[in-house]
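*Asks:* sequence first, then the predicted structure, then my questions.
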Amino acid sequence: MSNYLFNQTLYLLLIGVFLLTSCTKATLTVRSPAEINTRDIRNIAVGKFEVGQISLKYKTERNGIWQTHPVLLNEAQQKSISRSVRARVINLLTATPYFKVVFSDEFEKLENDTALQQLVSVRGYKTQNVDAVINGKLWLDIERTDGVDLSKEGLEYFRPPSSRRSLGLNLTVDQVVWWPYKSTRGTLGLEIKMTRLVPAEVVATTFETRTYSQRIGGRSTESFQQIAESLTSVLPTSKTTETESIEKSADVLPSFEQIIA
């Protein structure tokens with residue numbers, strides 16, 4: 001009898017503790033969201049990277065007048081750019097420990113993503129031992145500029161004295177100086193998609209952008225330094241935020257961007 005009462009009392013206490021804890025406010029901190037599970041995906045084939053848009057511009061400036069000249073690429077040149085991007089993605093995948101690249105051109109010969117999805121859905125591919133296919137689409141924007149920078153520089157003129165009574169000449173004159181330059185800048189937008197073959201499904205997608213710029217010639221470094229100092233004296237300093245640590249455990253999966261580097 002005493003054991004029965006003890007068990008009943010313990011049971012009531014457990015119910016009370018459960019109700020009290022369930023009523024308390026629960027807090028959840030997400031340090032790194034779970035992304036995709038690629039444990040069953042090992043062998044990867046790389047398909048075609050379709051060209052969405054390629055925009056090339058050549059800008060010139062003479063006497064304050066700007067002119068823009070578009071540069072048109074033929075189909076062969078666009079395919080060459082597409083193959084270059086595909087080769088770069090293959091090089092990155094071969095360096096990652098997550099996947100093993102299957103070198104096959106069967107998926108790369110397809111015209112677009114629609115053809116790839118149809119091939120995967122009917123299982124009409126011939127390449128063996130492929131778990132998933134990575135393909136994508138690219139957008140490229142490049143602008144080349146041939147222009148001139150204008151700046152007011154202090155030019156010093158010196159003439160030595162011709163005799164003992166002459167003081168000579170030491171004069172500084174402000175003069176407008178033309179600094180010719182050439183520059184190139186561009187932006188690459190790349191959509192990458194991973195499609196599992198069995199079962200047929202789109203596992204993950206991501207969109208990455210890369211920018212590039214280079215400038216030759218132009219205004220002198222001293223002039224740019226003076227402009228930078230005047231700007232930094234006015235602009236407020238931005239506060240740096242501490243990056244939260246990423247929890248490392250078996251339950252937190254790497255993101256698709258981390259997997260493909």
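*Replies:* The structure has been received and is ready for your questions. Numbering: from 1, shown residues only.
*Asks:* now the strands: where do they sit in the stretch 1-150 of the chain?
*Replies:* Under the criterion DSSP state E, counting those that start in this stretch, the stretch 1-150 of the chain contains strands at 43-62, 65-71, 100-101, 132-159.
*Asks:* mean pLDDT lowest for which of those?
*Replies:* Lowest mean pLDDT of the strands of the stretch 1-150 of the chain: strand 132-159, a mean of 83.
*Asks:* that one to strand 43-62, inter-axis angle?
*Replies:* Between strand 132-159 and strand 43-62, the angle comes out at 30 degrees (axes from the mean of the first three to the mean of the last three Cα atoms, to 10 degrees).
*Asks:* show me the shaky parts of the chain.
*Replies:* For the chain, the stretches with pLDDT under 70 are 1-36, 157-160, 163-169, 171, 220-261.
*Asks:* Arg42 is in contact with Lys100, isn't it?
*Replies:* Yes: between Arg42 and Lys100 there is a contact at 5.8 Å, judged by Cβ atoms under 8 Å. No exception for glycine: its C-beta is placed from N, CA and C like everyone else's.
*Asks:* rewinding a little: dump the strands of the stretch 1-150 of the chain into CSV; add mean neighbour count and distance to Ile81 as well.
*Replies:* Below are the strands of the stretch 1-150 of the chain laid out as CSV (neighbours: other Cβ atoms under 10 Å; distance: least, Cβ to Cβ, whole Å):
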stretch, mean neighbour count, distance to Ile81
strand 43-62, 17, 7
strand 65-71, 9, 13
strand 100-101, 16, 21
strand 132-159, 16, 7
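*Asks:* in TSV, list these along with distance to Thr206.
*Replies:* Rendered in TSV, the data for those read as follows (distance: least, Cβ to Cβ, whole Å):
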stretch	distance to Thr206
strand 43-62	13
strand 65-71	29
strand 100-101	18
strand 132-159	9
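*Asks:* for Gln77, find the nearest of these.
*Replies:* Each of these has some distance to Gln77 by Cβ to Cβ; the shortest is strand 43-62, at 8.5 Å.
*Asks:* show me what that closest one is packed against.
*Replies:* strand 65-71, helix 75-95, strand 100-101, helix 113-122, strand 132-159, strand 169-196 (3 or more Cβ pairs under 8 Å, 6 or more residues apart in numbering; DSSP states H and E).
*Asks:* partner strands of it, with direction?
*Replies:* The strands that strand 43-62 pairs with in its sheet are strand 65-71 (antiparallel), strand 100-101 (parallel), strand 132-159 (parallel) (by DSSP bridges).
*Asks:* picking that back up, out of the helices and strands packed on strand 43-62, nearest to Val51?
*Replies:* helix 75-95 (4.9 Å).
*Asks:* what does the closest one contact?
*Replies:* Helix 75-95 is contacted from outside by 44, 46, 48-51, 54, 73, 99, 101, 103, 108, 134, 136, 138, 140, 188, 190, 192, 260-261, using Cβ atoms under 8 Å, 6 or more residues apart in numbering.
*Asks:* at 10 Å instead, please
*Replies:* Outside helix 75-95, the residues that touch it by Cβ atoms under 10 Å, 6 or more residues apart in numbering are 44-51, 54, 56, 73-74, 99-101, 103, 108, 134-138, 140, 188, 190, 192, 259-261.
*Asks:* just stretch 57-72 next, same as before
*Replies:* Looking at stretch 57-72 with Cβ under 10 Å, 6+ apart, the contacting residues turn out to be 54-56, 141-150, 180-181, 183.
*Asks:* and of those, the nearest to Val198?
*Replies:* Set against Val198, the nearest of the contacts of stretch 57-72 by Cβ to Cβ is Ile54 (34.9 Å).
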